[in-house]
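Q: could you work out the structure for the sequence below:
(2 chains)
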Amino acid sequence: MADEKMGAKLSRRTFLKGLGGGAIGTAVVSTGLIKSDPAEAYSPETVGIARDKTPITLKVNGKAYRVEVEPRDTLAEVLRDQLGLTGTKIGCDRGECGACTVIINGRNMYSCSQLAVWMQGKEILTIEGLAKGDKLDPVQEAFIEHDGPQCGFCTSGQIMSGKALLMKNSKPTEAQVRRGLSGNLCRCGNYNREVESVLAAAKGR
Amino acid sequence: MAKDFSVVSKKTPRIDGYERVTGQAQYAGDVQVPGMLFARVLRSRQPHARIVDIDTSKAEKLPGVKAIIHYKNAQVAWSSGSQIVERYIFNNPVRYAGEAIAAVAATDRHIAEDALSLIEVKYEKLPYVLDVKEALKPDAPKIHPKGNLSVGEGRRGGAPIVEEWGDLEKGFKEADRIFEGTYVTKHVNNAQMERRVSLAKWDGGKLTVWASTQGISNCRTDLAKDLGLPLSKVRVICKNMGAGFGNKNQAHDFDLMAAILAKMAGQPVKVEFTREDDFVGVHGRWASAQHYKIGVKNDGTVTALEENSTTNMGGYRKGSGGLSGTDFYQAPNFKKIINPTYTNTVVAANFRAPSYPQSVFGIASILDQIAYELGINPLEMFEKNRVRLAKNKTRFSSYGLDQCIAEGAKRIGWNEKWHKPGATPGAKKHGIGMALGGYNFRQGLGAAAIRMNPDGSAHLLVGVTDIGGGAKTTMAIIAAEALGIPLSRIQVTYGDTDATPYSIGESGSRTTVFTGTAVIAAAQDVRAQIFKLAAEQLKVKPDELELKEGNVFVKSDPNQKLSLNQALNRVGADIIGRATTNPNEMKDVEGKCFSAHFAEVEVDLFSGHIKVTRYVAAHDSGTIINRLTAESQVKGGVVQGIGMALTEELLTDKLTGIPINPNYRDAKVPTHLEVPEVEVIFVDSFDPYGPFGGKVVGEPPITAAVATIANAIFNATGKRIKELPITPDKILQARQV
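A: Numbering: from 1, shown residues only, chains lettered A, B, ... in the order given. Okay, the predicted model is just below:
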């Protein structure tokens, strides 16, 4: 007969929460499997500590937003849940897939792996901020013309990584584009199209 | 053979491209409704255990927790979760590590997660079995009452799966040589980018579910059945969907959990899966062990083919568990026996062309091996043994496999590049390989409605969702072609069971044919009504009229014409065409799509690293409705095949029965860096039973990809790796043998 508390595993969020709330659970990391002792990581006393909210100002797509966040809230969650900017997707919520990619101070970054409280004073650009009015960004236009999206769920992230690359390097080679997008998974396997789209945008067609 | 089309068969960008590149396309997880709660699921970490008790009292006391469900208070049947035995959303005993035990709804997702850790579960551990061979032994722990061979009744869930024709004994007698071999494939997760999410809301007695589903109609039917509601009281909405590749068919346990939690809490509930939930809580592709015995003449001609295989279905029989790779080869004498088997592992079911890539790997590997042993060029071997008649008797409704082989071989430069296995000098070995694949094509039930506005623009109402294949655009193209109006004049209403008619769902490569056929019929209904109106004005008979590019004109005198606006203005309201079609014309023919794939690889014998350097995929899919999106689908299927061939596997810890790599990084799905340019060829083909001559596109691309890469690796190294994935360590091991 086994008597144990089940199911709680140390997810990235739990880990971040531990950091944010000051209650760090004991984590045992074995091959590929992240285990924790749920009783220790989640004793009733520590649960809930992280729920104090901090007011911060987020600068997103050139607008300032005043929001209240928990220390454990990620930028991706705040963008989606509080600002309604749902073009940024969350695919893995653990820094592996890139669906949540946004541009922070000119660099493409996983917004699921950035705490919202760290974002004070930073310039955040999301997929919703790329177009200038009705005029799409060349990367967006190329993604339509070259069939960059299949299911479309990774598309925002692919576009933001492509945009970040072109901001630094306006004439990338194909190898540089692949490298630049390599942090963005596409399970539809539409990699050829995404690379083609970014190259086309660079060439201005 | 290609017909002259005005909209069909072009390279057409998706009609919803703007929404997709601006972040405006709304997915189920993007929907927020007032008062919405968030829910998370607690999962078993025991592979097989009886739940003795579950104590939720501490979790209930956590501020913000609104509802908790588990086997005691929500034993609701999940009918599409199992083809044979009764399966509930929460089962007791649990049959694999990862099975759902409870779900918690709370005011935010962090609180729901916190609450999971406060639920105490008492288990009585049961003996468990993870391996198929062990599971089929008489003294193995029984996972279901009838034992571990997944025996059921009828087409769904039968076991063993047996198919035979000809006389196997005679076939082996006629053979000059007989070869045997065993090939093993592993559980690979669908790993679509969008995690499972379901938002349920009750308005009085009516349930609305924003689901991440591959088929709103089937999802609604399943929800109504499992919750005991009339169809009219269930509304399923799914506009955009972040792919599924077979594991978002029908309704899922999380849809039911959302509905029940929402009812209990009296507030809308959004159930969100974590990525780990997604890897272990739904399903992946069934693993297999395939044994072949093949009789051949000295010239390579197959005289007899016998297959004895097992498939690992995990804790429940959610999919067929079949293996169909032999479909693409002609065998006059044939028998296959497949044993779908339960084990205490993550459930296996549909993943893009569910029964194909694993078995195409097996059969195409052994045929490639036989070619080697007989001293025959593989191209000649595959060309000689390509299927000509289905099951050695029925002709195909259209056939382009020979063209696929010829055009693909030419494009890759087979004759110039093929060399004896392992023959290139140096440590980096070049290899070239090929295999044949495809998928079934048949007619079936579809429905569509078209509202033609007085100004000549049209609304197409179809129950498709857009999961990546571009069904919405495909349906608009078919409607534009069938109506005779420009594509830009068509608006598609889709993905909402309250607004759109039945559609099969984006699974099994059926939407284009099933629903597309209905769209054509609905367009004909509209045209008949327009011609009747125009005939009065033009003083001719309706059958003398034609409609093209938005103008109605007299066939014999195109100058006598009306714009649609003129023709329809007298009505002043929209006219409505509709159709429910279920053609059954394919009585003496078998429908099939075909493909021949070719790859070049580079294998580094020092590191074991394998790189696919070039890929050519030649497909016969009949008329291609949209060349742009169809090419994308082929490219993507090949990429998934590369992952399955070289890196992907869901590993289970033998000591605990727990999956140890349920995430993208450790399950190793391909990235931008592993993928070559995939060159796509569509051979000229027309099928008389498909819409505008089209067959299917979605499933076929993955079928031959795994085997093609494996055969190229053999050509590079001269070593046959018989177990997937073909990882560097296997190359290094083989090198030492």
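Q: so what's residue 92 up against?
A: All of this refers to chain A. A:99, A:112, B:195, B:275, B:663-664 (Cβ atoms under 8 Å, 6 or more residues apart in numbering or on different chains). (Glycine included, C-beta is placed from N, CA and C.)
Q: other chain: chain B
A: B:50-51, B:71.
Q: go with 6 Å
A: Counting by Cβ atoms under 6 Å, 6 or more residues apart in numbering or on different chains, residue B:92 touches B:51, B:71.
Q: any idea how far it lies from residue B:86?
A: Distance from residue B:92 to residue B:86, counting by Cβ to Cβ, to the nearest Å: 12 Å.
Q: quick one: contacts of stretch B:59-71?
A: Counting by Cβ under 6 Å, 6+ apart, B:37, B:54, B:56, B:90, B:92, B:102-107, B:111, B:115, B:118-119, B:260-261, B:264-265 sit against stretch B:59-71.
Q: out of those residues, list just those in strands.
A: Judged by DSSP state E, strands contain the following of those: B:37, B:54, B:102-106.
Q: got those as JSON lines, with pLDDT and neighbour count columns?
A: Listed next are the ones in strands among the contacts of stretch B:59-71 as JSON lines, based on pLDDT from 0 to 100; neighbours: other Cβ atoms under 10 Å in any protein chain shown:
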{"residue": "B:37", "pLDDT": "98", "neighbour count": "27"}
{"residue": "B:54", "pLDDT": "97", "neighbour count": "21"}
{"residue": "B:102", "pLDDT": "98", "neighbour count": "27"}
{"residue": "B:103", "pLDDT": "98", "neighbour count": "28"}
{"residue": "B:104", "pLDDT": "98", "neighbour count": "31"}
{"residue": "B:105", "pLDDT": "98", "neighbour count": "30"}
{"residue": "B:106", "pLDDT": "98", "neighbour count": "27"}
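Q: tell me the confidence at the nearest residue to residue B:414 once chain neighbours are set aside?
A: Leaving aside its chain neighbours, residue B:414 sits nearest to residue B:379 (5.4 Å; criterion: Cβ to Cβ, 6 or more residues apart in numbering or on different chains). Residue B:379 carries a pLDDT value of 98.
Q: hang on, residue B:379 is in a strand, isn't it?
A: No: using DSSP: H, G, I helix; E, B strand; the rest coil, the secondary structure at residue B:379 is helix, not a strand.
Q: quick one: contacts for whichever residue of the stretch 351-500 of chain B sits closest to chain A?
A: Going by Cβ to the nearest Cβ, chain A is nearest to residue B:468 of the stretch 351-500 of chain B, at 3.4 Å. By Cβ under 6 Å, 6+ apart, the contact list for residue B:468 reads A:150-151, A:188, B:243.
Q: please redo it, this time with the cut-off set to 8 Å
A: With Cβ under 8 Å, 6+ apart, residue B:468 has these contacts: A:150-152, A:188, B:241, B:243, B:633, B:636.
Q: which among the residues you listed gets closest to residue A:78?
A: Of all the contacts of residue B:468, residue A:78 sits closest to residue A:152, with 22.4 Å by Cβ to Cβ.
Q: for residue B:493, see how far away the closest one is.
A: 19 Å.
Q: higher neighbour count, the two?
A: residue A:152 (31 against 15; other Cβ atoms under 10 Å in any protein chain shown).
Q: distance of the residue of the stretch 351-500 of chain B closest to chain A relative to residue B:170?
A: 47 Å.
Q: same deal with residue A:117?
A: 76 Å.
Q: which of these two has more neighbours?
A: residue A:117 (17 against 14).
Q: check contacts around the more buried one.
A: Residue A:117 neighbours (Cβ under 8 Å, 6+ apart): A:20, A:54, A:56, A:69, A:71, A:73.
Q: nearest to chain A: which residue in the stretch 501-650 of chain B?
A: residue B:639 (2.7 Å).
Q: which element is that residue on?
A: Using DSSP states H and E, residue B:639 sits in helix B:627-646.
Q: and that helix, how far out from the chain middle?
A: Centroid separation between helix B:627-646 and its chain, computed with Cα atoms, centre = their mean, to the nearest Å, is 12 Å.
Q: helices and strands around that helix, which ones?
A: helix A:191-202, helix B:357-374, strand B:610-620, strand B:678-682, helix B:700-703, helix B:705-717 (3 or more Cβ pairs under 8 Å, 6 or more residues apart in numbering or on different chains; DSSP states H and E).
Q: just name the most buried of these.
A: Stretch with highest mean neighbour count among those: helix B:700-703 (a mean of 33; mean count of other Cβ atoms under 10 Å in any protein chain shown).
Q: on that earlier part again, contact partners for the residue of the stretch 501-650 of chain B closest to chain A?
A: A:189-191, B:670, B:675, B:678.
Q: next helix or strand past the worst-scoring helix or strand of chain B on mean pLDDT?
A: Here the helix or strand of chain B ranked lowest by mean pLDDT, DSSP states H and E is helix B:564-569, holding a mean of 90. Counting by DSSP H and E, the element after helix B:564-569 in chain order, helix or strand, is strand B:575-581.
Q: which neighbours in the sheet does the following helix or strand past that following strand have, and how are they oriented?
A: Proceeding N to C from strand B:575-581, the next assigned helix or strand is strand B:589-590, under DSSP H and E. Strand pairing for strand B:589-590, using DSSP bridges, gives strand B:395-396 (parallel).
Q: how about chain A: which residue is closest to chain B?
A: Closest point on chain A to chain B, by Cβ to the nearest Cβ, is residue A:87, at 1.7 Å.
Q: test my guess that residue A:90 contacts residue A:101.
A: No: between residue A:90 and residue A:101 there is no contact under Cβ atoms under 8 Å: 10.9 Å.
Q: looking at the two, which one has more neighbours?
A: Comparing residue A:90 with residue A:101 by other Cβ under 10 Å, the one with more neighbours is residue A:101, at 30 against 26.
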